[in-house]
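Enquirer: output the structure for:
(2 chains)
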2 protein chains.
Amino acid sequence: MKDVVAGIDIGGTNTIFGLVDKEGNVLAENRLKTTDYPEINNYVSALANAINILIKENPGLNLVAIGIGAPNANYNKGTIELAPNLAWKGIVPLAEFIRGKINVRVTVTNDANAAAMGEMIFGGAKKMKDFIMLTLGTGLGSGIVVNGELVYGHTGFAGELGHMIIVQGGRDCGCGRQGCYETYASASGLVRTVINLLSEMREDSSLRDIPTSQLTSKKIAEAAAKNDPIALEAMDFTAEMLAFGIVNIISFSSPEAVFLFGGLAQAGEALFAPVRKYVDQNVMPIFKGTVKILPSVISENNTAVLGAAALAWNELK
Amino acid sequence: MKDVVAGIDIGGTNTIFGLVDKEGNVLAENRLKTTDYPEINNYVSALANAINILIKENPGLNLVAIGIGAPNANYNKGTIELAPNLAWKGIVPLAEFIRGKINVRVTVTNDANAAAMGEMIFGGAKKMKDFIMLTLGTGLGSGIVVNGELVYGHTGFAGELGHMIIVQGGRDCGCGRQGCYETYASASGLVRTVINLLSEMREDSSLRDIPTSQLTSKKIAEAAAKNDPIALEAMDFTAEMLAFGIVNIISFSSPEAVFLFGGLAQAGEALFAPVRKYVDQNVMPIFKGTVKILPSVISENNTAVLGAAALAWNELK
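Expert: Numbering: from 1, shown residues only, chains lettered A, B, ... in the order given. A predicted model of the protein is given here:
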């Protein structure tokens, strides 16, 4: 029998889960629609059932633990709390519910923490004890590793770097405050910057022919690749703001590397080159040259499942 | 024989050292003038000699380790590096030098980290695993404890929260950059705020009769106690900026408490009350009510020696 863990990625729309061995091979994978189960009890039953089926279909595998990445997940308590994009309201004791169906160790954390764990166990941070993962999607998620351990903090919710305020009185944020890092340094932050520049700048731009509600980071990156002046300026400003947050993160925990991941990071060198330049220009002198800015090496498709699986394997150490 | 450690606080002017037992009692203490020894070898000899004398004068004590708090100290390497206020230039392998004279474990860190360690081992953070120490003197020093351990980071220099940039393009900082936290939230930051308000506001103030080079946080706190409008406004603004940094710190590591210490913290409730108010107003909703803002309970006199001793005791655990 080969030991495996189940890595589960709970998204607002889909739940993807896979059986993952200690080397990070995803041996079997399946999914179910999160939105089909507005009742948490039905969801837990369906998920446990689907995992049991996957194990039966793959003889020779022995399930030893479950790791879950989910929005608003609290590692300390094993709960999902007040997640705006999930149907289950209030505080959901998810780890306890799942353990009631499948009696193995169940660990829960948010998706960015899971991505950091995946990078540490299976990816580019294998030999690192201090690094940061920034996931640049609609928002900015973060996982912080210090002394080889994820930082959960007193509440279990540590690592909300997307909500560091980097501009006092700045852009409105979904958290109800203003000027949060993610309102500038994320895919949606890039879109907001383009919209602002459409008013500030006078240059021609193909982006002027797209309704602002239809602008995406992908379209902007494509325009930048064609030397669109507004797209280029927006990429540069976004890189500067991203670097600005990284500089403050370095003053805090002095990591060996900052990994960038997610939609915006797919812009590649168009993003990484100016981010490195601005970090180098603005970092405190004693930290100059001490931090690598790197792309995540975990493949985009499997990140969430691998991260959740890494979380489970790490608990067994 | 009773086991003791030597706690050594190296300042630009004086070096204070004491023999401290496991309960945090300072059983003997002495000092020497740091400035008397511009040559590091002479300093190390004099210090080792003075410690040996202290032990001989106090029979029954068995020295088991040495802890040192010093500016620009690197825990990972046991060095003092490029310290602007010390005569010894370049990179000084202090731990190694001292171990050459007294053959026990020698550990080095900066003074704010030592203060955090003192609070954890002997003070108000005894049962805490996640907390932050901010020392509000001429600058803003910080010690960060995560999962019960001081954060040193990849370089050994982590915890430079005084150099988080909180205002882009803000006040000039001694580190060569602009807008650092300590240019607002420190004793000298308070003085700079008063000077700014002397130009911005038109109200009468006793502070207008003091040359700006003579302004101190103590004089400003005294004026505030007499309801001086500029002093009051400056205290409020300083508390707001201090809280602003704390709010970002909370998003990072979600501590159980933030301890304030040093000259500015001696203003007491005149500082703590508005800091708590602004933290509560500006913290991310999921962290609301989760963080205590507390005065350090280690007595001002012994903090540095006790912190360095705590560092040594912690290494022996």
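Enquirer: what helix or strand is A:Lys127 on?
Expert: Of the helices and strands defined by DSSP states H and E, none includes A:Lys127.
Enquirer: contacts only, for the closest residue to chain B within the stretch 1-150 of chain A.
Expert: Closest contact between the stretch 1-150 of chain A and chain B, by CB to the nearest CB, is at A:Asp130 (4.5 Å). For the C-beta atoms, the positions are set from N, CA and C on the backbone; glycine is no exception. By CB atoms under 8 Å, 6 or more residues apart in numbering or on different chains, the contact list for A:Asp130 reads A:145-147, A:253-256, B:153-154, B:158.
Enquirer: next one: stretch A:262-270 to chain centre, how far?
Expert: Stretch A:262-270 has its average C-alpha position 14 Å from the chain's average C-alpha position, going by CA atoms, centre = their mean, to the nearest Å.
Enquirer: and that stretch, which residues are buried?
Expert: A:262-267, A:270 (16 or more other CB atoms under 10 Å in any protein chain shown).
Enquirer: list the contacts for the residue of the stretch 201-317 of chain A found nearest chain B?
Expert: Of all residues in the stretch 201-317 of chain A, A:Ser254 sits closest to chain B, with a separation of 2.7 Å (CB to the nearest CB). A:Ser254 is in contact with A:130, A:287, A:290-291, B:151-160, counting by CB under 8 Å, 6+ apart.
Enquirer: identify, from those, the entry nearest to A:Ser206.
Expert: If you rank the contacts of A:Ser254 by distance to A:Ser206 using CB to CB, A:Val291 comes first, at 35.5 Å.
Enquirer: residues near the spatially closest residue to that closest one that is not a sequence neighbour, how many?
Expert: Take A:Val291 and drop its neighbours on the chain: the residue closest to it by CB to CB, 6 or more residues apart in numbering or on different chains is A:Ile250, 5.6 Å away. For A:Ile250, the number of neighbouring residues by other CB atoms under 10 Å in any protein chain shown comes to 29.
Enquirer: before we move on, what SS does A:Leu134 have?
Expert: In three-state terms, and counting by DSSP: H, G, I helix; E, B strand; the rest coil, A:Leu134 is strand.
Enquirer: which element is the residue nearest to the spatial centre of chain A on?
Expert: Taking CA atoms, centre = their mean, the centroid of chain A lies closest to A:Ala112, which sits 3.3 Å from it. Secondary structure assigned from DSSP H and E places A:Ala112 in helix A:111-122.
Enquirer: is chain B contacted by that helix?
Expert: No - counting by CB under 8 Å from any CB of the partner chain, chain B is not contacted by helix A:111-122; separation bottoms out at 12.3 Å.
Enquirer: any chance of the buried residues of stretch A:262-270 in TSV, plus secondary structure?
Expert: As requested, the buried residues of stretch A:262-270 are exported to TSV (three-state DSSP):
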residue	secondary structure
A:Gly262	coil
A:Gly263	helix
A:Leu264	helix
A:Ala265	helix
A:Gln266	helix
A:Ala267	helix
A:Ala270	helix
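Enquirer: contacts with chain B among the residues you listed, please.
Expert: Counting by CB under 8 Å from any CB, no member of those is near chain B.
Enquirer: count the residues that sit near A:Lys288.
Expert: Counted by other CB under 10 Å, the residues lying close to A:Lys288 total 13.
Enquirer: tell me how far A:Ser251 lies from A:Val151.
Expert: With distances defined as CB to CB, to the nearest Å, the gap from A:Ser251 to A:Val151 amounts to 16 Å.
Enquirer: looking at chain A, which residue ends up farthest from its center?
Expert: Computed with CA atoms, centre = their mean, the maximum C-alpha offset from the centroid of chain A is found at A:Arg202, amounting to 35.5 Å.
Enquirer: check whether that one sits in a helix, strand or coil.
Expert: The three-state assignment at A:Arg202 reads coil, by three-state DSSP.
Enquirer: who are the contact partners of it?
Expert: Under the contact definition (CB under 8 Å, 6+ apart), no residues are listed for A:Arg202.
Enquirer: ditto for A:Gly78
Expert: The neighbourhood of A:Gly78, defined by CB under 8 Å, 6+ apart, consists of A:93-96, A:106-108.
Enquirer: so A:Val247, which of the three states?
Expert: Counting by three-state DSSP, the three-state call for A:Val247 is helix.
Enquirer: doesn't A:Asp280 make contact with it?
Expert: No - A:Val247 is not in contact with A:Asp280 according to CB atoms under 8 Å; the separation is 9.7 Å.
Enquirer: of the two, which one has the most company?
Expert: Set A:Val247 next to A:Asp280 and count neighbours by other CB under 10 Å: A:Val247 wins out with 22 against 14.
Enquirer: could you report the pLDDT at that one?
Expert: Per-residue confidence (pLDDT) for A:Val247: 98.
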